[in-house]
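Visitor: Predicted model and sequence follow; I will ask about them next.
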Amino acid sequence: MSAPRSNETKPVRMTYREACRQAIREALASDPRTFVMGEDVGLYGGCYAVTKGLLEEFGPNRIRDTPLSENAFVGAGIGAAIAGLRPIVEIMTCNFSLLALDQILNNAATIPHMSGGQFAVPLVFRMATGAGRQLAAQHSHSLEGWYAHIPGIKVLVPGTIEDARYMLKAALADPNPVLIFEHIVLYNAEGDLDPSVTDVDIRAAKIRRPGRDVSLLTYGNSLPKAIAAAETLSVEGIEAEVIDLRVLRPLDNATIFESIARTRRCVIVDEGWRSGSISAEIAARLADEAFFDLDAPIRRICSREVPIPYAGHMEEAALPQTAAIIETVRGLVRPR
Amino acid sequence: MSAPRSNETKPVRMTYREACRQAIREALASDPRTFVMGEDVGLYGGCYAVTKGLLEEFGPNRIRDTPLSENAFVGAGIGAAIAGLRPIVEIMTCNFSLLALDQILNNAATIPHMSGGQFAVPLVFRMATGAGRQLAAQHSHSLEGWYAHIPGIKVLVPGTIEDARYMLKAALADPNPVLIFEHIVLYNAEGDLDPSVTDVDIRAAKIRRPGRDVSLLTYGNSLPKAIAAAETLSVEGIEAEVIDLRVLRPLDNATIFESIARTRRCVIVDEGWRSGSISAEIAARLADEAFFDLDAPIRRICSREVPIPYAGHMEEAALPQTAAIIETVRGLVRPR
Amino acid sequence: MSDKPHLDRDHALHLFRQMLRIRRFEAKCVELYQAQKIRGFLHLYDGEEAVAVGIMQMLEPRDAVVATYRDHGQAIARGVGMGPIMAEMFGKRQGTCRGRGGSMHIFDRATRFYGGNAIVGGGLPVAIGIAMADKELRPGAVTACFFGEGAAGEGAFHESMNLAELWRLPVLFVCENNLYAMGMPLEDAEAETDIYRKAKVYRMPGEMVDGMNPITVEAAARRAVDSIRAGNGPYFLECRTYRFRAHSMFDAQLYRTKEEVELWKQRDPLARAEAWLRENHMVSDEEMQRVAAEVDAEVEAAVAFAEAGTLEPVEELERFTLMDEVPQ
Amino acid sequence: MSDKPHLDRDHALHLFRQMLRIRRFEAKCVELYQAQKIRGFLHLYDGEEAVAVGIMQMLEPRDAVVATYRDHGQAIARGVGMGPIMAEMFGKRQGTCRGRGGSMHIFDRATRFYGGNAIVGGGLPVAIGIAMADKELRPGAVTACFFGEGAAGEGAFHESMNLAELWRLPVLFVCENNLYAMGMPLEDAEAETDIYRKAKVYRMPGEMVDGMNPITVEAAARRAVDSIRAGNGPYFLECRTYRFRAHSMFDAQLYRTKEEVELWKQRDPLARAEAWLRENHMVSDEEMQRVAAEVDAEVEAAVAFAEAGTLEPVEELERFTLMDEVPQ
Ligand SMILES: Cc1ncc(C[n+]2csc(CCOP(=O)(O)OP(=O)(O)O)c2C)c(N)n1
Ligand SMILES: Cc1ncc(C[n+]2csc(CCOP(=O)(O)OP(=O)(O)O)c2C)c(N)n1
Ligand SMILES: [Mg+2]
Ligand SMILES: [Mg+2]
């Protein structure tokens, strides 16, 4: 991505939600083939208010409210993409995407290969993910890492305002189905946007905080937790490098391996259920291709393997937390 | 499980398909609450002929043909289990189970916990899995490892005639939803059944071939491939231990770790797509809890990350094969 | 069998009281949500009370209920204790689900209340299965399956309707048609906006009912339940009703006008029931005040019960993820 | 506009020839399956030829087609070359999908043939989307979506029908009702066995057609396509037909009697078309023999093309999993 220029331009403060909205507005304004389709994206203003105001601006043909028919409107997005449009399909939350998984896996991810390359499926699926708002089990899954198992799709997980603002543009420019998972807790997060930055690289992970002693690999709403942990550890003399994975499929091996080669220690933080999580895949790659670079066991901090409960104290106990990250790193690294 | 008695009893030869059928017949005969529900399980005789003859024997109330409504009949199985029956729900192949995934994850796996333990969901889902018969992408997925990500369910993968014959009984005795994945290539496999064995332990992995030099962890249709590789390697003086995982959730850590502690080398063979496969989870656990037991990188042999193609030569290239296992082990172990 | 509900004073007052219990309970929930005692998503039943109350009049203990995330009304009308429901929303161990479910997921074994499903349409297939089991194990039992008109958009609705009729299962489908699915007006969501007509294409009997009147709902429920218990298979009731409050606590209600809401409030089932009771001189002011006082006391007791509740120790977090046995 | 198909000799002979091309192609497939040149699942179209042939008469190059795993008939009638189809089943690089798809997944960009979907009901939502795009980009274009009556059991059917009518999309739904879904008799699968009636509940026009006669199918297709092109939204045709062969190559056909099959074979669309041509003295024996000879030659040429084909190098295995660009 283009490097920030000197402060001739002032940073713009906005929320993650607003960044998502501006990204969609830009896409609609710049490409007539693009439209938004999903439940309550229009009249209601978006379940998490991301698309608020866009119906008035672009009309019902570009901001298309759908009935509660996840399977059909996801499949319709796939057909529309194959036939020349560039849909942005919003699935209200990833929990409901299970109703459309057949279309995503058996059609979107499969048709380009199965047709011998005759047809591409260039579309974007946006969905809310994650827990932390006491919405209970059926509204709190983190399935992005699980989706990353599927060949034929790309999986993006914006964890910053900048990524929320610019990943969509890159995703729409991609000839493949791209899934973007927006974390429900991040929507209200505020941050500064560097006006000189207008693109992000959706192929690369990003070092959010350099460090020499241990690599913290994470994404999404676990990113702020990892950074907070790193700050605390720094006071103790432990310098943790925080890497924002940003793209879960295909994973950016280079950035990950390079970091581990320097720190020789790794902790992966991931809101998905531990078994079969994206953190497992990263650990497996390291245990194979970076085995001799590692000086310590690879630790994982994931969600507990339970349906996420409603009660606040139990939900908190079920999710990765800053304290656990600090504890785990302390167990791996002796302060210098 | 009860140890085989002296050869007072003769081994019985049968196919994996016949073993599955006898298991179902036994279940229906021994528990009036049990019934089979699925597409073409009755009149047609079962897509892979597993339930052939059972309609005549047990009638349409116990062998219930369903319309093409995976979501509803899977959910119906869940409701029936909650309300006191013991359904065996057959989903023709795991590829179609995606249409019912919402019911499996959001209801079957969630209701016991979300209801505070008021309701259990004691049922069995049987489905065919795997590739190798040139059925192309939409009929060749291996999703058992992917399902193993879900808390609240158990995942079984019978790789032998004995497991095909006795796992169902144990699964039906379990108060939780149990998914049994039967590999389409194994249905015609023949083997001897020791009549003195009448139960199998669905909590434990099993050493199918002892060895000192490397542990081959696998299951399902990759098991015969791993054993074939071990035989070849043995001639070269490399003794591979072949472990049949048998249960993918919850994984039997003890058996796996104990083997690695002895062999100090590990190759995992798994027909799922590599990224986010069950082999990733096993490697991640070893890289964490058995890190200092390992003398070599953990290798994985999985399916290539593509929709499985129809053409025979390309399908073969997409799947784990014996030759690749042998090659990989040679790269890890120096013959004694 | 007659389908006239017995309209004596006691029954009329009973219906009013049941609806009032729901109305006052929901009002208290709003208060407690603002006080942040209740968190997460909260969907209230104001305006729709006549549906749950009318239907429940015909259900017996042996019958089963499947509900949605908008489940307080069904739970209270079914006889689930207000205390455990409130405690559930407080996230307390004494809640119906030990705090794991919250407002959207009320489960209660004693009353065969099978939840509180927050996947739109997700409860219908489960209701099919409960009815399959009951047909074998509890002949004559009926499963009442509640869902909003939005659920008619889901494939699960279609598949379940067909299975129910095909297998002649004892299911009472109760569509709470409040004209909106979140912000989606029915006419923008369905090519056919008379939901009960959809039943016909499965050859299932169905009718549309005034869901703002517990008497008409009860009368229809009687026809339906009698037919189901007689072994004629499932029955479909579309109850036309209206949600007085926002969809949930996060809803600017951009999709409907204040005027429309006011128009419907003139058909408030509680106001109408109270008026009817008074016009027919069936209750005195004192009696009405006593009823209100008793209901308020019940609600306050529920709050006190919830307040006094304890938190499930986090050590119990994983408990029930896998069950050790099937509860009997 | 008149809905009478022009029944001149040339057209009648054309219809016969098209059906014969399919019939002979399928016969060859059986041979080659036994010779293990074709592998995997193979679903044949014998008996149903009149449906695909009748419908395709009304389609233009700008139109789109979505089919199922039983897709040889639609592909051939649509104009996909027999050679590439056969080569596909041989797993050759010269196949429609470079050997990746096989019999169940014929795709052809040139004729807007969007596959060959082997998930029952899985093609319907895709057809909805193609029609959405065409409405914007190719006004007047129609998407013909073929599926078996078994697909009516799937939620995807219900959701797609509603969207098509709700959004007035140019979709021609063609239900090939051959009375069985694998071994599942229609009357055991659907509470309502007249599939076209299901369209009514979405307020979509629909009719039942004799699917054993290409003339009646074409006539109905004309009514449907005229209505769709006129901007009246989707149209539903239930074509009553019958599968002469087993469901696939692994089917003992325990679910139907030889007598039933024989009865339907008396309505063989090819035999009837031939009889009609002869009775009306429209063709001589020589002509019929010439047609048959030409068709056989085409089939033989397709086999030769497939035999001469080469295998995709395994190095190309991962190609197209992710696309480098959108094909234009
Ligand atoms: C499968 C699914 N899709 C979307 C949602 C989000 N959602 C929750 S309630 C709701 C509206 C449902 O409307 P309706 O069925 O009419 O019930 P009502 O809320 O009006 O009582 C939606 C879209 C969901 N919970 N489940
Ligand atoms: C979702 C799904 N479920 C099950 C199957 C297995 N299956 C393949 S074809 C078929 C029968 C379909 O019957 P119908 O739709 O009537 O089409 P026909 O084969 O009669 O042309 C079944 C059950 C499948 N391919 N997809
Ligand atoms: Mg509603
Ligand atoms: Mg059929």
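Guide: Nice, thanks for sending it over. Residues are numbered from 1 along each chain as shown, chains lettered A, B, ... in the order given. Ligands and ions are numbered 1, 2, ... in the order given.

Visitor: Name the nearest residue to the residue of the stretch 101-250 of chain C at minimum distance from chain A, sequence neighbours excluded.
Guide: Nearest residue of the stretch 101-250 of chain C to chain A, counting by Cβ to the nearest Cβ: residue C:183, 2.7 Å away. Bear in mind the C-beta positions are built from the backbone N, C-alpha and C, glycine included. Leaving out its chain neighbours, the residue that sits closest to residue C:183 by Cβ to Cβ, 6 or more residues apart in numbering or on different chains is residue A:44, at 2.7 Å.

Visitor: before we move on, the earlier item: any idea how far the residue of the stretch 101-250 of chain C closest to chain A is from residue A:93?
Guide: For residue C:183, the distance to residue A:93 (Cβ to Cβ, to the nearest Å) stands at 16 Å.

Visitor: ditto for residue A:320
Guide: For residue A:320 relative to residue A:93 (Cβ to Cβ), the value is 19 Å.

Visitor: Name the residue in those two with the higher neighbour count.
Guide: Shown here are residue A:320 and residue A:93; by other Cβ atoms under 10 Å in any protein chain shown, residue A:320 has more neighbours (26 against 23).

Visitor: What are the boundaries of the strands in the chain?
Guide: No chain specified, so I'll use chain A. If DSSP state E is used as the criterion, the strands of chain A fall at A:12-15, A:34-38, A:63-65, A:86-93, A:124-129, A:154-156, A:178-183, A:190-193, A:206-209, A:214-218, A:240-244, A:247-249, A:266-273, A:299-303.

Visitor: not quite, I wanted chain C
Guide: Along chain C, the stretches classed as strands by DSSP E are C:64-68, C:113-117, C:143-148, C:171-177, C:180-181, C:184-185, C:206-210, C:235-240.

Visitor: Sheet partners, orientation included, of the last one?
Guide: Just to be clear, that refers to strand C:235-240. strand C:171-177 (parallel), strand C:206-210 (parallel) (DSSP bridges).

Visitor: What of the first one?
Guide: Sheet pairing for strand C:64-68, assigned by DSSP bridges, gives strand C:113-117 (parallel), strand C:143-148 (parallel).

Visitor: List phi and psi for the closest residue to chain D within the stretch 201-336 of chain A.
Guide: Using Cβ to the nearest Cβ, the point where the stretch 201-336 of chain A gets nearest to chain D is residue A:250, with a distance of 8.1 Å. Dihedral pair for residue A:250: phi -80, psi 140, per degrees, to the nearest 10.

Visitor: confidence score at the residue of the stretch 1-150 of chain C found nearest ligand 1?
Guide: Residue nearest to ligand 1 within the stretch 1-150 of chain C (Cβ to the nearest ligand atom): residue C:148, separated by 2.1 Å. pLDDT, residue C:148: 98.

Visitor: Kindly report the same for the one 3 residues further on.
Guide: Residue C:151 is assigned 98 on the pLDDT scale.

Visitor: What of residue C:2?
Guide: So residue C:2 comes in at 44 (pLDDT).

Visitor: With residue C:249 instead?
Guide: 87.

Visitor: What sits closest to the residue of the stretch 201-336 of chain A closest to chain D if chain neighbours are left out?
Guide: Nearest to residue A:250 is residue A:154, by Cβ to Cβ, 6+ apart, at 7.1 Å.

Visitor: what's the answer for residue C:15, then?
Guide: Closest to residue C:15 by Cβ to Cβ, 6+ apart is residue C:214, at 4.5 Å.

Visitor: Tell me how many other residues surround the one you found.
Guide: When neighbours are counted by other Cβ under 10 Å, residue C:214 registers 32.

Visitor: got a list of what it touches?
Guide: Residues near residue C:214 by Cβ atoms under 8 Å, 6 or more residues apart in numbering or on different chains: C:15, C:18, C:19, C:49, C:50, C:53, C:54, C:57, C:269, C:273.

Visitor: Brilliant, that's me finished.
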